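1. Below are the sequence and a predicted model; questions follow.
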Amino acid sequence: CIVNLRKDLGVEARRNFGLFLGSFMVTCEPRAENNLMKLARQVHQQTDRIKQNRLYVGTPLELRFARLLLRFFSIEHRKNFYQKNYPLWGGVTNMNLDSIWQPPAGERPVEYLRAVSTGPATPLVLSVTTAGGGVSVGLSYRTACFSAAEVEQVESGFLESVRDLQKPA
C-alpha cells in the first residue's frame, strides 16, 4: 500500500508540490476456504494495525538505508535482502479521492477513472478509486505476461467475488 504522508508530516499541499509517500505491505496465506470477505477481513486487520501505529512513516528512511547497504552486497545477497526484487503476480491500488478532494458546495461530483501503470515487478494491477460517492475499477496488465483470455478470467473471477459480497451471509 502506498500512503500519502502529507498529513503525517504536516506538509501543506498548497505550498509544497511533489509526492510525500510512505508504504507498507500486507500478506495473507492463500487458503481454498477463504472467500473475498474473509480475505478482506484479514487485510483490514493488518492494515488497521499498521495505520494506527503509523508504521508507514518510516518508509523513506528505510529505503535510504537499504539503498546505502545494497552497495556492499553481492547480487545474490541483494535478492534475499530487499523483497522488492521479487516480482508479484499482481497488485491492487486503491485511492479514496473523497478524503483529499472535496468539490465546492453545490457542484456535482466529478466522475473519475484512474489509469495505473504496470511494470516488470507487478504485471497486473487492479485500481479501485472512490470519488464523489462513486467507485470506479480499472484493470491494467502487461501483454508480455498475460493473454487477453487470462485477464478475462481474472476479471470474471473478481466480478464473481464482488457478487458474492452482495449475497446474504
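-> Arrived safely, thanks for sending. Numbers count the residues shown, from 1 in each chain.
2. CA only for contacts and neighbour counts going forward, please
-> Will do.
3. Just give the nearest non-adjacent residue to Gly119, would you?
-> Using C-alpha to C-alpha, 6 or more residues apart in numbering and skipping residues adjacent in sequence, the residue nearest Gly119 is Arg142, 7.5 Å away.
4. count of residues packed around Tyr56?
-> 21 (other C-alpha atoms under 10 Å).
5. how far away is it from Val135?
-> 25 Å (C-alpha to C-alpha, to the nearest Å).
6. One more: Val110?
-> Taken as C-alpha to C-alpha, the span from Val110 to Val135 is 11 Å.
7. Gln153 too?
-> 22 Å.
8. Next, give phi and psi for Met95.
-> phi -140, psi 130 (degrees, to the nearest 10).
9. how about it, what does it touch?
-> When contacts are counted by C-alpha atoms under 8 Å, 6 or more residues apart in numbering, Met95 touches Val128, Thr129, Thr130.
10. what pLDDT does it get?
-> The model reports Met95 with a pLDDT of 80.
11. Wasn't Gln102 part of a strand?
-> No: counting by DSSP: H, G, I helix; E, B strand; the rest coil, Gln102 is not part of a strand but coil.
12. What's the local residue count around it?
-> Gln102, neighbours per other C-alpha under 10 Å, totals 13.
13. how far away is the residue nearest to Gly119 from Leu9?
-> Separation of Arg142 from Leu9 (C-alpha to C-alpha): 35 Å.
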